[in-house]
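Asks: when you get a sec, could you give me coordinates for this:
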Amino acid sequence: MLALIQRVTEASVSVDDEVVGRIGPGLLALVGVEPGDGEAQVARMASRLLGYRVFADDEGRMNRSLADTGGGLLLVSQFTLAADTRSGMRPGFSTAAAPAEAEAVFDRLLAECRARHPAPVETGRFGAHMAVRLLNDGPVTFLLRA
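Replies: Now for the predicted structure:
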């Protein structure tokens, strides 16, 4: 499982011009599910998303996590994140989980984050064509693996 996280001052995701998820300050996480991902990866990724220290403390250092700040989390499934791009000029998708498997794992991650984090945990719509808008704060962007 992969998550490209971006610290944001705001982010939203729309489907057919309708906003289906929106947060203020917090993290936008684009999530790719790989074959074989399961409970261990879900638990680890939820811990990393909520505990990764990317927010400034009183001295301006990245020492605070989403759990510390109480910010929002916007999870967006993105199978292209798990693509194989090591060779050629076109991505291969054999390294991404099949849609049914990916949706189940993504839904489990969403439920886990909602159970652990009292602030808003929003999402897009799995498998839909989504428009993601964000105001990256920093910019601060990291690729996490579980």
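
Asks: tell me where the chain has strands.
Replies: 2-15, 18-23, 26-32, 55-56, 62-64, 72-77, 121-123, 131-145 (DSSP state E).

Asks: could I get these as CSV with mean pLDDT?
Replies: Compiled in CSV, the strands of the chain are given as follows (pLDDT from 0 to 100):
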stretch, mean pLDDT
strand 2-15, 98
strand 18-23, 98
strand 26-32, 98
strand 55-56, 97
strand 62-64, 97
strand 72-77, 98
strand 121-123, 98
strand 131-145, 97
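
Asks: so which residue is smack in the middle of the protein?
Replies: Ala29 (2.0 Å; C-alpha atoms, centre = their mean).

Asks: roughly how far does that residue sit from Arg61?
Replies: 22 Å (C-beta to C-beta, to the nearest Å). (Each C-beta comes from the backbone N, C-alpha and C, glycine too.)

Asks: next: Leu2.
Replies: 26 Å.

Asks: before we move on, back to that, wait, what's in contact with the residue nearest to the centre of the chain?
Replies: Applying C-beta atoms under 8 Å, 6 or more residues apart in numbering to Ala29 gives the contacts 3-6, 49, 73-76.
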